[in-house]
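**Q** Show me how the following folds:
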Amino acid sequence: MHFKNPEILYFLFALIVPVLVHLFQLRRFKKEYFTNVQFLKALTIQTRKSSKVKKWLLLTSRLFLLTCIIFAFAQPFFESEESKNANNELYIILDNSFSMQAKGKKGELLKRAVQDLLEETPENLNFSLLTNTESYWNTDIKSIRGELQNIQYSATAFKLDNIIAKLEAHKTPFKKDIVVITDGIGINSKQLQDNDKLDAPIFIVPKAVKNNNISIDSVFIQKTLDQFYEISVQLSNYGEDFDPKPISLYNNNALIAKTTITLDTRKKSINFTIPKQAFHGYVTIDDNGLNYDNVLYFSISKAQKTNVIAIGDLAKNTFLSRIYTSEEFNFNSYTLSTLDYNKLEEQDAIVLNELDEIPQALITTLKSFVEKGGNLIVIPSAICSVSNLNTLIANFGKIKFNSLENIEKLITKINFSHPVYNSVFEKKVINFQYPKTKKSFSLSSSYPAVLSYEDQSNFLTSTNNPLGKVAIFAAPINIENSNFQQSPLIVPTFYKIATYNQNNGVNALFIGNNDPYFTEASLSKDAILTIKNKEEQFIPVQQILNNKVKMTFGDYPQQAGNFTIFNKKELIENISFNYARTESNLASANGNIRSNYKTFVSIKSLFDTLQTDRTDNQIWKWFVIFALLFVLTEMAIIRFIK
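**A** Next up is the predicted model:
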């Protein structure tokens, strides 16, 4: 037991006063008996004994009364186990990611959490509030009531370690109480393992009633016909027992197709046929799960021809003309002697097809071409020197030609996950007609192989530069040295490399993905492209290339939707942005990760527990009550004991 005013206890010495008074009242007197009261002697002795008992009882009650009064003024208390944490600073981390759209017993998880904060947080409590994107430092519930009521769902995924790092950077001499309100989706053990146990987070985990959800993941062109596109919509379903759902396709907010889809497998696709023209719309599905992934915005630009030049022997370039047809490409073939260098900057792709010697002027031009977003395909000549080839490719990364080997090799391995092939095959092909080469260079590369020989050496590799791609073959592919021209791989290989960074397909970007985007535009040095729709506009980070502009978007825009790229008032291209589908699986939360941390079922229970655990048990009121009881006891003794 502890005392707030221990100096009051010195007044306990005052207890000697009633003792002295009592002793004075009990002093002995000489007794004299008179003959006329002799008969009262026995009665007097009995009364005197009763009086002594009464005085001892009065003394005891007064001593206890005075003791209780002194103790009450000294204010005794029992110290709580967590009283040392009573001055901790409170930090509340509120997850406002899209998974918090899920519905609990009292509505959407985020809205319910906000309402509980507004109702249960003490008005005089000072705290800091951090969300996925916003921070409110050293505030109280009255000051941020409006911000809480208007809080929006964030496209930024919930990263607990990033938010705690921001919190820890906020220096303070006090310990921290970190309260995390989240459904647990997106939290992994790595995010928690570095936390200081002294500031270990406390979790409040609202739970959804149902984990069922449907997500529209992607849209791509399945087939290109003479007058139509056949587009494929890819969906994922999480949960079970789904009823057939209506799915609709809109172009410029006009409904153009609607059907019903049965979700009998985890992954599902459905096809729509649309006219072969520019498209600027979205596809949507109705379900009872999350709302943010029920719409996918996408655009299809008017098809533009890709400019391709092949440099080499005209006879050897013939197979390229069958790939780069006039419907989709502006293809030209030149020998080195007839090449106009000024035309190279206008191209989207250049093919160096078995040049016996590569001039330094061409090497310099090709380096600048790739740096500005152009795509380069290098097919070596068997008689070109290794040093000449390496002088060229040394400009594009860690790739090196070694000696020429006169060994026949089979091309047996396809890298299906490589960007060249990632959307070409519906399923992985294991047994196919293996192409072969008779002579090949030993090609070392720090980049993943696109195609490999049976001995795991590179046949085709490609750089991963953010601008133009450089694809390099290890062997000549003329019909005398290889049958690769007759392989089914020849068309998708050359087609995909040449059209990299071309926007002739479906445009459906995800917010937060910082991959560069290229748009066809010829701008002056001071020109700036702006992206906007009716609700929002922003200026992306941009770099002017020859006939293109490279853009990166960071975390913009803030809202998903269909946008348009403008050069001042000139419309350049339509573009679409969507929220990343990172939180669509409501069953992905791992409760075991939080097992080593305190958890509470509600905000009210949290504040009640903190108040109880950190408040000292004051017992001075009990001494006041006991004092009153002893006053009543003394009055009863005086009245009823004779």
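
**Q** show me what contacts the residue lying closest to Asn415 once chain neighbours are set aside?
**A** Using Cβ to Cβ, 6 or more residues apart in numbering and skipping residues adjacent in sequence, the residue nearest Asn415 is Val450, 5.4 Å away. Heads up, the C-betas are built off the backbone N, CA and C, glycines and all. If you count contacts by Cβ atoms under 8 Å, 6 or more residues apart in numbering, Val450 has them with 414-415, 418, 420-421, 459-462, 471, 493.

**Q** tell me the SS of Val450?
**A** strand (DSSP: H, G, I helix; E, B strand; the rest coil).

**Q** where's it relative to Gly561, distance?
**A** 36 Å (Cβ to Cβ, to the nearest Å).

**Q** ok so, going back, can you put the contacts of Val450 in TSV and add neighbour count?
**A** Putting the contacts of Val450 into TSV (neighbours: other Cβ atoms under 10 Å) gives the following:
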residue	neighbour count
Ile414	22
Asn415	17
His418	19
Val420	24
Tyr421	18
Phe459	27
Leu460	27
Thr461	25
Ser462	27
Ala471	23
Thr493	23
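
**Q** Closest to Ser321 out of the residues you listed?
**A** Here the nearest of the contacts of Val450 to Ser321, counting by Cβ to Cβ, is Thr493; it sits at 15.8 Å.

**Q** buried sites along whichever helix or strand that closest one is part of?
**A** In this structure, Thr493 sits in helix 490-498 according to DSSP states H and E. By neighbour count on 16 or more other Cβ atoms under 10 Å, the buried set for helix 490-498 is 490, 493-498.

**Q** how about Leu362, secondary structure?
**A** Classified using three-state DSSP, Leu362 is helix.

**Q** residues contacting it?
**A** 311, 336, 339, 341.

**Q** how much space between it and Leu160?
**A** 53 Å.

**Q** How about the most centrally placed residue in the chain, nearest residue that isn't a chain neighbour?
**A** Nearest residue to the geometric centre of the chain (Cα atoms, centre = their mean): Ala157, 2.0 Å. Nearest-residue entry for Ala157: Thr582, 5.0 Å, with adjacent residues in sequence omitted and distances by Cβ to Cβ, 6+ apart.

**Q** so where do the strands sit in the stretch 151-300 of the chain?
**A** 176-181, 202-204, 213-224, 228-238, 245-251, 254-261, 267-275, 279-285, 295-300 (DSSP state E, counting those that start in this stretch).

**Q** returning to what we had before: contacts for the next helix or strand after the helix holding Thr493?
**A** Toward the C-terminus, helix 490-498 is succeeded by strand 506-507 as the next helix or strand (DSSP H and E). Identification of contacts with strand 506-507 by Cβ under 8 Å, 6+ apart yields 219-221, 231, 298-301, 574-576.

**Q** Kindly report the same for stretch 625-635.
**A** Here stretch 625-635 has contacts from 58, 61-62, 64-65, 68-69, 72, using Cβ under 8 Å, 6+ apart.

**Q** what packs against the helix holding Thr493?
**A** helix 318-323, strand 349-353, strand 375-379 (3 or more Cβ pairs under 8 Å, 6 or more residues apart in numbering; DSSP states H and E).

**Q** at 7 Å instead, please
**A** Counting contacts by 3 or more Cβ pairs under 7 Å, 6 or more residues apart in numbering; DSSP states H and E, helix 490-498 is packed against helix 318-323, strand 375-379.

**Q** So what touches that helix?
**A** 306, 308, 320, 323-324, 348-349, 375, 377, 420-421, 424, 469, 471, 484 (Cβ atoms under 7 Å, 6 or more residues apart in numbering).

**Q** Mind checking what secondary structure the spatially closest residue to Ala627 that is not a sequence neighbour has?
**A** Excluding its sequence neighbours, the residue lying closest to Ala627 (Cβ to Cβ, 6+ apart) is Cys68, at 3.9 Å. Assigned state for Cys68: helix (three-state reduction, three-state DSSP).

**Q** Then Leu606?
**A** helix.

**Q** Can you tell me how far the residue lying closest to it once chain neighbours are set aside is from Lys175?
**A** Setting aside the residues directly before and after it, Leu606 is nearest to Phe600 in space (Cβ to Cβ, 6+ apart), at 4.4 Å. Distance, Phe600 to Lys175, using Cβ to Cβ: 19 Å.

**Q** tell me the contacts of the residue nearest to Leu606?
**A** Contacts of Phe600 (Cβ under 7 Å, 6+ apart): 202, 204, 606, 609.

**Q** ok, now Ser232?
**A** Per Cβ under 7 Å, 6+ apart, neighbours of Ser232: 220, 222, 269, 271.
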